[in-house]
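Student: Attaching a predicted model along with its sequence, questions to come.
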Amino acid sequence: MTEAVLKGVSLRGIRACVPAQTRTLAEENLIPDEAERERLIGTIGVRSRHIARPDILTSDLCQKAADGLLDELGWARDFIDVLIMVTQSADFVIPSTACALQARLGLGSCLAFDINLGCSGYAYGLWTAASLMQTLKVSGRPARALVLAGDVSTSKLLEGDRSTIPLFGDAGSATALEIDPQADDMPNSRWPNSDWYGVFGTDGSGAAHIMVEAGGLKHPLLPPKEPHSPEKLEELYRKSRLHLNGTEVFNFTLKNVPGLVKAIFETSGTTIEDVDYVLFHQANVFMLNHLRKKSGLPEDKVPVAMETFGNTSSASIPLTIAAKLSQVFDKPQSLIMMGFGVGWSWSAIKLTVGPMPAPQIVELA
């Protein structure tokens, strides 16, 4: 694992956005038997999810979240220096969605790019933005960044797939970061305890277990000059949908994430008594309960927000903050944020957040 430390960056605000349309597991007609359906709901912890219409993109959800957050903070759009989009459902192959959103959000010329990550992506996006901000030459004001994270995962699900359809929902998010100009003059900083601690890791041997195989150069979807056979079209259709090996994901999580919990406490020199909340990527409730118990974490410090949202990929941590912790940020809160999954990849950040405006969830009709 890679350990890292940085200081002098404040998380100033969070907003999440979900599609207005919802769908229950009963409405999917995947599991006709009600008792069996309720058992599955009890296991994964998801009763309904917000589902994007075909004309709603991840960029639309993130744009609505970012517009509202920038207005709430009163930040001038010309003074955003870094824009990072964390998504696995980009608008285009080329260009990056961040470039398109820079114009749609009315930002000035800034550093903008995408990060192709899901489950672990939120912490990666925050750390990347915070690290870049510390290198910028900005005069007369603190450097600022927006990290947008989310996915329209339901667009990539295979019809009738009982391993993915009951689990995944759609969401986007926006997170505002700002350099603390007094960070080198502790304790006179506006945000004391502004140190960030991070732990990150990758094991590409597990890449096949959460994968959309077609769409890249290895299995291109670009039509050839000679039409594909019906068999080839069916193969590409299936390979362009999300494959999720639930057993392997569960085994990976229980094998690796408790060590990640231990590592972030050791890197930050803290214990669970020093932390207000531990925010896991919302994979499924069965997995989160096992992970919490194996890591020795108290239930009241591990919020879960899956029942009406499902697994929302890189948006799941900011969405959980807005759903479950909206009213706690009138004072500083010591948080650990942890993502794990696709890649395999994993990430953890320990930081202090607040005071800041109450995080909100808005809907896009």
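Tutor: That came through, no problem.
Student: can we go C-alpha only for contacts and neighbour counts from here?
Tutor: Fine.
Student: Closest to the centroid, which residue in the protein?
Tutor: In the chain, the C-alpha nearest the mean C-alpha coordinate belongs to residue 314, at 1.8 Å (Cα atoms, centre = their mean).
Student: That one and residue 74, how far apart?
Tutor: As for residue 314, its distance to residue 74 is 26 Å (criterion: Cα to Cα, to the nearest Å).
Student: With residue 151 instead?
Tutor: Going from residue 151 to residue 74 by Cα to Cα gives 27 Å.
Student: More neighbours: which of the two?
Tutor: In this view residue 151 and residue 74 are compared by other Cα atoms under 10 Å, and residue 151 has more residues nearby, 30 against 9.
Student: Show me the beta-bridge partners of that one.
Tutor: Each beta-bridge partner of residue 151 is listed here, defined by DSSP bridges: residue 171.
Student: Only alpha carbons, please: show the helix or strand containing residue 38 as PDB.
Tutor: Under DSSP states H and E, the secondary-structure element containing residue 38 is helix 34-44. Backbone C-alpha positions of helix 34-44 (Å, rounded to 0.1, in the frame of the first residue of the first chain) are rendered in PDB as follows:
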ATOM      1  CA  GLU A  34     -42.200 -12.000  -2.500                       C
ATOM      2  CA  ALA A  35     -40.500 -14.000   0.300                       C
ATOM      3  CA  GLU A  36     -37.400 -14.500  -1.900                       C
ATOM      4  CA  ARG A  37     -37.400 -10.900  -2.900                       C
ATOM      5  CA  GLU A  38     -37.600  -9.700   0.700                       C
ATOM      6  CA  ARG A  39     -34.700 -12.000   1.700                       C
ATOM      7  CA  LEU A  40     -32.600 -10.500  -1.000                       C
ATOM      8  CA  ILE A  41     -33.500  -7.000   0.100                       C
ATOM      9  CA  GLY A  42     -32.500  -7.900   3.600                       C
ATOM     10  CA  THR A  43     -29.200  -9.100   2.400                       C
ATOM     11  CA  ILE A  44     -28.100  -6.300   0.100                       C
END
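Student: In terms of secondary structure, what does that helix contact?
Tutor: In terms of contacts (3 or more Cα pairs under 8 Å, 6 or more residues apart in numbering; DSSP states H and E), helix 34-44 is packed against helix 285-295.
Student: Report the inter-axis angle for the helix it packs on versus helix 34-44.
Tutor: 40 degrees (axes from the mean of the first three to the mean of the last three Cα atoms, to 10 degrees).
Student: Buried residues, helix 285-295. List them.
Tutor: By neighbour count, and taking 16 or more other Cα atoms under 10 Å as the criterion, the buried residues in helix 285-295 are 285, 287, 288, 291, 292, 295.
Student: was I right about the fourth one contacting residue 258?
Tutor: Yes: under the criterion of Cα atoms under 8 Å, residue 291 is in contact with residue 258, at a separation of 6.9 Å.
Student: Point me to the residue sitting farthest from the middle of the chain.
Tutor: Farthest-out residue of the chain from its mean C-alpha position, per Cα atoms, centre = their mean: residue 226, at 39.9 Å.
Student: what is the nearest residue to residue 202 once chain neighbours are set aside paired to in the beta sheet?
Tutor: Leaving out its chain neighbours, the residue that sits closest to residue 202 by Cα to Cα, 6 or more residues apart in numbering is residue 345, at 4.3 Å. For residue 345, the residues forming beta bridges with it (DSSP bridges) are residue 202, residue 341.
Student: OK, contacts around residue 345?
Tutor: 120, 200, 201, 202, 203, 204 (Cα atoms under 8 Å, 6 or more residues apart in numbering).
Student: Then residue 82?
Tutor: Residues in contact with residue 82, defined by Cα under 8 Å, 6+ apart, are 110, 111, 112, 129, 132, 133, 144, 145, 146.
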